[in-house]
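> Got a sequence here, can you model it:
(chains A, B and C)
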Amino acid sequence: MAGKNYYDVTEWNVGDPYKDIGEVINSMLADIKSRQTDSNVEEGGKPGAVIYIPSGDYHLRTQVVIDISYLKIMGAGHGFVSSSIRYNLPKSEWEDLHEVWPGGSRILVDLSPKDADGEAAGAAFYVERSGNPRISSVEFENFCIDGLHFADDGSGKNDPENTYVNGKTGIYVASAQDSFRITGMGFVYLEHGVIIYHADALSVHDNFIAECGNCIELRGWGQASKITDNLMGAGYRGYSVFAQNFGGLLITSNNIFPRGTSCVHFDKVARSVITGNRFHSFYPGALVFEGNCSENTVSSNHFLRDHEPWAPMLKNDNGLDDRYGLLRISGNHNSVIANHISETIHRQSIKPAGAKPVIIHVVSGKGNYISDNHIVATTEAADAQTGASDSCFSAQVDALTATDKLAVLDVTTVLVAKESFQNTILDSGSEEQVVLDRRVNAFRATPVPGGV
Amino acid sequence: MAGKNYYDVTEWNVGDPYKDIGEVINSMLADIKSRQTDSNVEEGGKPGAVIYIPSGDYHLRTQVVIDISYLKIMGAGHGFVSSSIRYNLPKSEWEDLHEVWPGGSRILVDLSPKDADGEAAGAAFYVERSGNPRISSVEFENFCIDGLHFADDGSGKNDPENTYVNGKTGIYVASAQDSFRITGMGFVYLEHGVIIYHADALSVHDNFIAECGNCIELRGWGQASKITDNLMGAGYRGYSVFAQNFGGLLITSNNIFPRGTSCVHFDKVARSVITGNRFHSFYPGALVFEGNCSENTVSSNHFLRDHEPWAPMLKNDNGLDDRYGLLRISGNHNSVIANHISETIHRQSIKPAGAKPVIIHVVSGKGNYISDNHIVATTEAADAQTGASDSCFSAQVDALTATDKLAVLDVTTVLVAKESFQNTILDSGSEEQVVLDRRVNAFRATPVPGGV
Amino acid sequence: MAGKNYYDVTEWNVGDPYKDIGEVINSMLADIKSRQTDSNVEEGGKPGAVIYIPSGDYHLRTQVVIDISYLKIMGAGHGFVSSSIRYNLPKSEWEDLHEVWPGGSRILVDLSPKDADGEAAGAAFYVERSGNPRISSVEFENFCIDGLHFADDGSGKNDPENTYVNGKTGIYVASAQDSFRITGMGFVYLEHGVIIYHADALSVHDNFIAECGNCIELRGWGQASKITDNLMGAGYRGYSVFAQNFGGLLITSNNIFPRGTSCVHFDKVARSVITGNRFHSFYPGALVFEGNCSENTVSSNHFLRDHEPWAPMLKNDNGLDDRYGLLRISGNHNSVIANHISETIHRQSIKPAGAKPVIIHVVSGKGNYISDNHIVATTEAADAQTGASDSCFSAQVDALTATDKLAVLDVTTVLVAKESFQNTILDSGSEEQVVLDRRVNAFRATPVPGGV
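This next block holds a predicted model:
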């Protein structure tokens, strides 16, 4: 089998994959390196290999350390189930469950990282290589990485299983890399799903990353990558997507659900595009451009902000108030075009009390272009107040059927801060809904019925 | 092999997969359940399994019934070929065909459902489980489900193979489920490709679903799912995509071709998004929002309506006339932004004769926002009349080259019914092309050349 | 194994896959045809097969010729690495490289096509079949096709490895086909990645096609296909995407990087859609519609044009000057809506010197609709001039951080040629930035700060 550069974790001569799949995979990696030693024999020599993880429960007690290109680790199922729902059931109900744990080709991350070891110590899969070329074309496909439990955060506020912290990361890429692929994976109950430094031509496509503290973090800097077609949703403390000093990032076709302190958070990102996504948030700051984010475009997305409906999570939020902006833009020459933005919140829950919520908030920079956005702000009618629900699922379905009974909520659809100028705001709110200095910005109000 | 939770239908000890793959798979499912009995041993215990279907022709005479999570059924090819073209060839030409039938990993659905047994009886794959948790992470990947034949519909109008009815369904999910995936599949000659009730975090991605009565039907209610990157086209009776009581559905990057009574039909769907698709239709009603559909967005799509070019299908349509609306919107606060809509039809085929076709028809509700849509309506020049074709393919290619010779067709680009109000219609037609009550709606005409 | 229609190139009785995988695969194809002879036995008979290529380096000295439907050729890794970076390193540094060559399941294309044999002779995989039905559902998945070297082009201008010519093609489909899939592949150092004539319902999805002369060429004619979610970038001579006489093509969710004479080039394409992509170009003509391209839409894309930063490529460009148009539209009734377009170039590099660059150039046709595009044109401030870089990667990252220091560049955002009329240009530039004949076109200027 090894002659074919194919490894099955259940058929290896070192370690027990069910006790510690990390030891097994590291042994396989050593074997690949011992066999593929000549980097230039007949214009080949180091083609890499496949490591296959059949359906099963595999504890990981040793971190997998990857430093070879062209490695594919593949499983036979992403295996997601909601651990959050399970942990918020009474233990007495567990024995009636059809199955308790996630499944598929499932890695149980049994690391116990200590703070002193640094963040990377808690990663199930750790990738790092110095020298040239950058490590290339590592592929992760169709298995499940399960962090198992969240941990007491010392605050006494939440049940430990609801904290979204445990020091664990699914995949951690520490050094510059090229043409990696993460596809068809499942991530659950990790503080960090995917952390990647210095990405080039990365593809994170068609994964399921939910009930993680953060889903995807692209750190350091990077270029020319795509985050596409994923189902995602971070915890209330973290980011569903975070990118830093990035150029040419394409974020499209994702369905990002709550909670997440942000759906997408950019820090000094330029010339990137967020288009064709569905974003659902429970808090202000669903989309944040901080630092100097320039020449990005946000178009054709659907944003929804409504309330946390699920009793166990009601005590949490991201700490931001409603003047922060549901979309918050800092930087130059960004575009926000052709989005639909729905905000539906209880009037009495607005923070600070009596404030007028801000939907798009341009806080600094110049030359931003905000055009043709349809902003729908509603609040429950007096007689339609609904309480929290035992089930986050049924609550959402209930909310749907109630859209017809909503009353208009008075909001600022676009607020341009005094520090910001030379912006163009078109068809994104009426005269009353858009607040800016007309002497230094361009403005065209959305016509109103019976109009001016 | 079973120790690895891997099953190959050609290597099992019960049944003959070529005679009845249903019996074989059900036996495998029983085996998985008999082996995976403890739901909580060392924080695992029920990881599920893979069932592999090699390339081959597998008759299915027993319905597969799935009630376990983390099952992956995978094949080695989606195997589509046009059965519609074949059935409309003279039988004498069949013996010259390179191959007659679809292929790949192909399930031949040989069920004979009776009306009395209900719709689900005709499903090749039937999923249902009560209790908790919801059945999760079942994956269908890269095989072909072929309904083989359509049936006489009693009308005498069409050849039985052109009726799009046979009582058969590819995949039928009857109970609430979570995080299912349907990827890389082929579906052909089924009355229903995929029927899913109560979907949550469903992914239907990169499939080929064509020549089916209906392609994808999401029924009951559901949330936070995606239908992305599929090639699809239903028959003249059915829906390419249907969704009901859904919230947070993302429909993007699909190429949906005719026929289909609708490309997308929403019934009481809210806060969902249809963006970046190509929609091709032969009839009015390409996109229909019925019931109370609210806060959805339809943006950056390309719509084309033209005529049925293929002789065997000329007698069929969806029964709607040209006043119905190519896009028909019922509900509140929906957005229709930045779409291109082409309609090119013969003047003498307009129904009722002499009517002015309607492109976007808002029939009820309030607060809808329709902006920046480019609507191109054309008709054949007097000397350019083309007849029907023997080949649906060559006819389309012919039509392409003729776009230059088309004359302008007079249409109502946007019609807002009297029952509907507080809508905003911008840059989606000239003064003459948009019909609404200006006292209760907002309107800005698209400027015209030389214009006002 | 053969009974399961499954073939592993390393386990076959004819040829040596490492010396000539072409001979091995052709022998397998002959075997499939010798076994699958009856096209209609029990409504099946020719299901096709899978050919599996494990991770490894496989020289191809004989062209693979495919004429059967339902064939899937699959590997275990796309195996891309930048060969361009390697070839531009001093040879003395090669021995310090971790690996020299691409990897994964890698085909080394060792063909030596002669001009006299025609273009197809240089194809690694050649598909052709006459008769009916069209060859269907061939799938290429997750392997690497490496052209190895570029060749001296006789010009003396470039190092042979930087010419992007070698007469080699990865996949060449010569005859009409249906429902093909190309997914998860890697293509590198081929003059042509994928050439497909007469495509119907083709899917080219989630591939990595870079450092090829051309990436995807859809020739002849075709319909109803999709190019989605790919990472791509052609050489300075060729197209990243080319399509001809096509209808209903969907190009979405792609991240296309330089160089490429065009990111997308359409020749007589109609009713197609380019949406939600990121396009990065070093030259004018990033998007070109030539011939009579009609009723297409270009929406929600992000375009960036900046300068070649990498020393070895500085001498090359596509020969076009800055009056050509970054987007060049010829044809009728096309839509260009809701795009962000950034152009940032050195003032002294503008060709011809002193010219005002044109961003969107409508050169012929009528009825085009260009609306709500945000065009950002900048140039380096006098003190911010940066030189070329040894690394194309770090140069891009540097460029990012400099966006804040850019000065405004004076451009024509939209130029409508005299030959073109009845176009509508809205909110895509100020009075000064848009040049057209107002008597025959419609125009609304983007409002400017402090207003008119």
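> ends of stretch A:189-203, how far apart?
Using C-alpha to C-alpha, to the nearest Å, one end of stretch A:189-203 lies 22 Å from the other.
> so where is chain A shaky, pLDDT-wise?
Within chain A, the set of residues satisfying pLDDT under 70 comprises A:1-3, A:381-402, A:451-452.
> now A:Cys144, nearest residue through space, not along the chain?
Leaving aside its sequence neighbours, A:Cys144 sits nearest to A:Gly79 (C-beta to C-beta, 6 or more residues apart in numbering or on different chains; 3.5 Å). Every C-beta, even on glycine, is put in place using the N, C-alpha and C of the backbone.
> from memory the one you found sits against A:Glu99, does it?
No - counting by C-beta atoms under 8 Å, A:Glu99 is not a contact partner of A:Gly79; they are 10.3 Å apart.
> circling back to that earlier point, can you give me every residue that contacts the residue nearest to A:Cys144?
Contacts here follow C-beta atoms under 8 Å, 6 or more residues apart in numbering or on different chains; on that basis A:Gly79 touches A:102-106, A:143-144, A:146, A:186, B:47-48, B:70, B:137.
> Pick the one among those residues closest to A:Ile370.
A:Ile370 lies nearest to A:Gly186 out of the contacts of A:Gly79, by C-beta to C-beta, at 36.7 Å.
> got a list of what that closest one touches?
Neighbouring residues of A:Gly186 by C-beta under 8 Å, 6+ apart: A:77-80, A:102, A:104, A:143-145, A:207-209, B:137, B:179.
> Need these in TSV (columns: secondary structure).
Converted to TSV, the contacts of A:Gly186 look like this (DSSP: H, G, I helix; E, B strand; the rest coil):
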residue	secondary structure
A:Gly77	coil
A:His78	coil
A:Gly79	coil
A:Phe80	coil
A:Pro102	coil
A:Gly104	coil
A:Phe143	coil
A:Cys144	strand
A:Ile145	strand
A:Asn207	coil
A:Phe208	strand
A:Ile209	strand
B:Ser137	coil
B:Ser179	coil
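> quick one on the thing from earlier: what's the overlap in contacts for A:Gly79 and A:Glu99?
Here A:Gly79 and A:Glu99 have B:Tyr70 as joint contacts, going by C-beta under 8 Å, 6+ apart.
> how far away is the nearest residue to A:Ser105 once chain neighbours are set aside from B:Ile25?
Nearest residue to A:Ser105, sequence neighbours excluded (C-beta to C-beta, 6+ apart): A:Gly75, at 2.7 Å. Distance, A:Gly75 to B:Ile25, by C-beta to C-beta, to the nearest Å: 21 Å.
> Kindly report the same for A:Leu436.
Remark: distance between A:Leu436 and B:Ile25 (C-beta to C-beta) = 63 Å.
> same thing with A:Asn296?
Per C-beta to C-beta, A:Asn296 is found 48 Å from B:Ile25.
> next one: A:Ile341
46 Å.
> So what pairs up with the residue nearest to A:Ile66 when sequence neighbours are not counted in the strands?
In space, A:Ile66 comes closest to A:Val127 once its chain neighbours are excluded; the distance is 4.5 Å by C-beta to C-beta, 6+ apart. Note on A:Val127: beta-bridge partners by DSSP bridges are A:Ile66, A:Val173.
> quick one: contacts for A:Val127?
Residues in contact with A:Val127 (C-beta under 8 Å, 6+ apart) are A:65-67, A:135, A:138, A:171-175, A:177.
> which bits of the stretch 101-250 of chain A sit near chain C?
By the rule C-beta under 8 Å from any C-beta of the partner chain, the part of the stretch 101-250 of chain A lying against chain C is A:129, A:131-133, A:135-137, A:139, A:176, A:178-179, A:181, A:183, A:200-201, A:203, A:205, A:221, A:223-226, A:228-229, A:245-250.
> Repeat the analysis, applying 7 Å as the threshold.
Residues of the stretch 101-250 of chain A lying near chain C by C-beta under 7 Å from any C-beta of the partner chain: A:129, A:131-133, A:136-137, A:139, A:178-179, A:200-201, A:203, A:205, A:221, A:223-224, A:226, A:228-229, A:245, A:247-248, A:250.
> Kindly list the longest strand within chain A.
Determined from DSSP state E, the single longest strand within chain A is strand A:214-228.
> near chain B, anything from that strand?
No - Strand A:214-228 stays clear of chain B (C-beta under 7 Å from any C-beta), getting no nearer than 8.8 Å.
> Could I get the buried residue list for that strand?
By neighbour count on 16 or more other C-beta atoms under 10 Å in any protein chain shown, the buried set for strand A:214-228 is A:214-228.
> next one: stretch A:143-154
Neighbour counts over stretch A:143-154 (16+ other C-beta under 10 Å) mark A:143-148, A:150 as buried.
> what helix or strand is the residue nearest the centre of chain A on?
With distances taken as C-alpha atoms, centre = their mean, A:Ser240 lies nearest the centre of chain A, 1.9 Å away. Per DSSP states H and E: A:Ser240 is located in strand A:239-244.
> neighbouring contacts of that strand?
The contact list for strand A:239-244 (C-beta atoms under 7 Å, 6 or more residues apart in numbering or on different chains) reads A:214-221, A:227, A:232-234, A:249, A:251, A:256, A:260-269.
> Recalculate using a threshold of 6 Å.
Residues outside strand A:239-244 that contact it (C-beta atoms under 6 Å, 6 or more residues apart in numbering or on different chains): A:214-219, A:232, A:234, A:249, A:256, A:260, A:262-267, A:269.
> Can you name the next helix or strand after it?
Using DSSP H and E, the helix or strand that follows strand A:239-244 in sequence is strand A:246-252.
> Neighbouring strands of the very next helix or strand once past that following strand in the sheet, and parallel or not?
Downstream of strand A:246-252, the next assigned helix or strand under DSSP H and E is strand A:255-256. Using DSSP bridges, the strands paired with strand A:255-256 are strand A:231-234 (parallel), strand A:278-281 (parallel).
> Skip the chain neighbours and tell me the closest residue to A:Tyr324.
Distances taken as C-beta to C-beta, 6+ apart place A:Pro284 nearest to A:Tyr324, at 4.3 Å, with adjacent residues excluded.
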